[in-house]
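Trainee: What shape does this take:
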Amino acid sequence: MDTDEVEALIESALEDATATVARARGEHDDDHLTATVISPAFEGLPLVQQHQLVYDALGEHMTTDIHALELSTYTPEAYDDHQGA
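Mentor: Now for the predicted structure:
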């Protein structure tokens, strides 16, 4: 699955989301990805629920096209704080 397709799926499913998806470093398989997702939809949710929203956005692709997903999720405010650190 193309990284642009993964980004589009996430961004279309989550409120005002910005997703950046890349192939995992050192992995030669096309199904190992890293993703950073920023969305106000994560506000007030624990990390597990934030990740579940992303997995739900990807649906069956998580079992058919994507073998591993290294995921970082942020609210816009948390991302700004992270960038400033």
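Trainee: Can you list the low-confidence ranges for this protein?
Mentor: Applying pLDDT under 70 to the chain flags the ranges 26-30, 85.
Trainee: those strands in it, which residues are they?
Mentor: In the chain, the strands defined using DSSP state E lie at 18-23, 32-38, 68-74.
Trainee: Select, out of the ones you listed, the one closest to residue 49.
Mentor: strand 68-74 (9.6 Å; C-beta to C-beta). The way it works is simple: take the backbone N, C-alpha and C, and place the C-beta from them, glycine included.
Trainee: ok so, going back, output the strands of the chain as a markdown table; include the columns mean neighbour count.
Mentor: Shown next, in a markdown table, are the strands of the chain (neighbours: other C-beta atoms under 10 Å):
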| stretch | mean neighbour count |
| --- | --- |
| strand 18-23 | 17 |
| strand 32-38 | 20 |
| strand 68-74 | 17 |
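Trainee: can you put these in JSON lines and add distance to residue 47?
Mentor: Formatted as JSON lines, the strands of the chain follow (distance: least, C-beta to C-beta, whole Å):
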{"stretch": "strand 18-23", "distance to residue 47": "17"}
{"stretch": "strand 32-38", "distance to residue 47": "12"}
{"stretch": "strand 68-74", "distance to residue 47": "7"}
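Trainee: Understood, closing this out.
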